[in-house]
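Participant: attaching a predicted model along with its sequence, questions to come.
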Amino acid sequence: MTEPVTPDSCLHCLQKCDAFQVLSQTEMEILHLSKYDTTYRAGEVIAKQGAPISHLVSLNEGLVKVVLETPGEQDIIISIEKPVFILTGPGLFVDNRYHFSVIALSECRTCYLEILQLHRLMDTNPDFAKRFYKNIGQKSIQLYNRIRSLNQKNMAGRISEALLVLQKSIFEVNPFELILTRQELAEFTGMTKESVSRILKEFREEGLIEIEDRLVEILDFDKMNAISRKG
C-alpha cells in the first residue's frame, strides 16, 4: 500500500538521521521529489537477503528485525531496530545486494529514496558521505559485538542481554511488551526455543523478571546487568 508523502513530513524524518542533517535545502527538495511512502503489516518482508538494492529505505514507524538467513540452519536475528533506521549495509557499495533480510515485527511505515540520488549526494557532498559511512561503520561495530556475545556468553548471559536491550534501547519502559516469539528470541540469542523457555522460567523463579502474557517486567536490574556482563 503506497501513500503520498508531504515535503514537511519527509524533512522531519530525514532530520532525525545524522547524515541528512548536512544537506542543503536544494538537496532536500531533490530528495522530496523522488521519495515515496509504503506501509507493511507485521510479518511482511521489507528487504530480502540476496535481492538487489534499488532504493535506500528509511524506517519511520514501527519495529523490524534484521535477519541473517542461514539455509538448513536456524536463522540469526542480528538486531531489532526502531525509527529512524536506514536499511543499508556494505552490499550497497560492493555488489548492490542485501546481505540480510528485514522483516516487520509490527505495522511499519517506510520511505524510499532512489539509490541514484544517494550516490549523487555522496559524490557532491563530502560531509554527507562521511556521516553516511560513519553510520555503516557503527552498525558494523554493533554486529561484531553481537557476534562476540553469541560466541562468549553463556545462555543466561545472552537472554539477560537480550531483555536489557529490548527494555533500554527499544521500548525504554518497564514493563515492556515482548514482541518477539520464543522462536524469535531463540534466533536473537543463538539458542533453542526450549532453552529460552527454561532460562526465562529460571529468571522468574529467582525473582529477576515477571512475565504475564507478552508483558515482561525486569525486577532486579543489578542482577540482570551482572548476568549479562559476566555471562
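Facilitator: Sure, I can see it. Computed from a predicted model, the values in this text were never measured in an experiment. Residues are numbered from 1 along each chain as shown.
Participant: quick one: contacts for the nearest residue to R214 once chain neighbours are set aside?
Facilitator: Take R214 and drop its neighbours on the chain: the residue closest to it by C-beta to C-beta, 6 or more residues apart in numbering is L178, 5.0 Å away. For glycine as for every other residue, the C-beta is placed from the backbone atoms N, C-alpha and C. L178 makes contacts with 166, 185, 211, 214-216, as judged by C-beta atoms under 8 Å, 6 or more residues apart in numbering.
Participant: most widely separated two among these?
Facilitator: Distance extremes for these: the farthest pair is L185 and L215 at 14.7 Å, using C-beta to C-beta.
Participant: show me the contacts for the residue minimising distance to the centre of the chain.
Facilitator: Centroid-nearest residue in the chain: E81, 2.4 Å away (criterion: C-alpha atoms, centre = their mean). Contacts of E81 were listed using C-beta under 8 Å, 6+ apart, and they are 59, 63-66, 102.
Participant: pLDDT and distance to N135 added to the residues you listed, as JSON lines?
Facilitator: Below are the contacts of E81 laid out as JSON lines (pLDDT from 0 to 100; distance: C-beta to C-beta, whole Å):
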{"residue": "L59", "pLDDT": "92", "distance to N135": "14"}
{"residue": "L63", "pLDDT": "97", "distance to N135": "19"}
{"residue": "V64", "pLDDT": "97", "distance to N135": "16"}
{"residue": "K65", "pLDDT": "97", "distance to N135": "19"}
{"residue": "V66", "pLDDT": "95", "distance to N135": "14"}
{"residue": "V102", "pLDDT": "96", "distance to N135": "16"}
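Participant: may I ask which of the residues you listed has the most neighbours?
Facilitator: Neighbour count (other C-beta atoms under 10 Å) singles out V64 as the most crowded of the contacts of E81, with 27 neighbours.
Participant: might one say that that residue is in contact with L105?
Facilitator: Yes - applying C-beta atoms under 8 Å, one finds V64 in contact with L105, separated by 5.9 Å.
Participant: would you map the helices across the protein?
Facilitator: Per DSSP state H, the chain carries helices over the ranges 7-14, 25-34, 91-94, 115-124, 126-152, 155-165, 182-189, 193-205, 221-230.
Participant: how distant is the second one from the center of its chain?
Facilitator: Going back to what we said before, that points to helix 25-34. 26 Å (C-alpha atoms, centre = their mean, to the nearest Å).
Participant: with only the CA atoms kept, save that helix in CSV.
Facilitator: In CSV, the C-alpha atoms belonging to helix 25-34 read as follows (Å, rounded to 0.1, in the frame of the first residue of the first chain):
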residue,chain,number,x,y,z
GLN,A,25,17.6,23.0,1.2
THR,A,26,18.1,22.3,-2.5
GLU,A,27,19.4,18.8,-1.9
MET,A,28,16.5,18.1,0.4
GLU,A,29,14.0,19.3,-2.2
ILE,A,30,15.5,17.0,-4.8
LEU,A,31,15.1,14.1,-2.4
HIS,A,32,11.5,15.0,-1.8
LEU,A,33,10.7,14.8,-5.5
SER,A,34,11.8,11.1,-5.7
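Participant: what mean pLDDT does that helix get?
Facilitator: Helix 25-34 carries an average pLDDT of 82.
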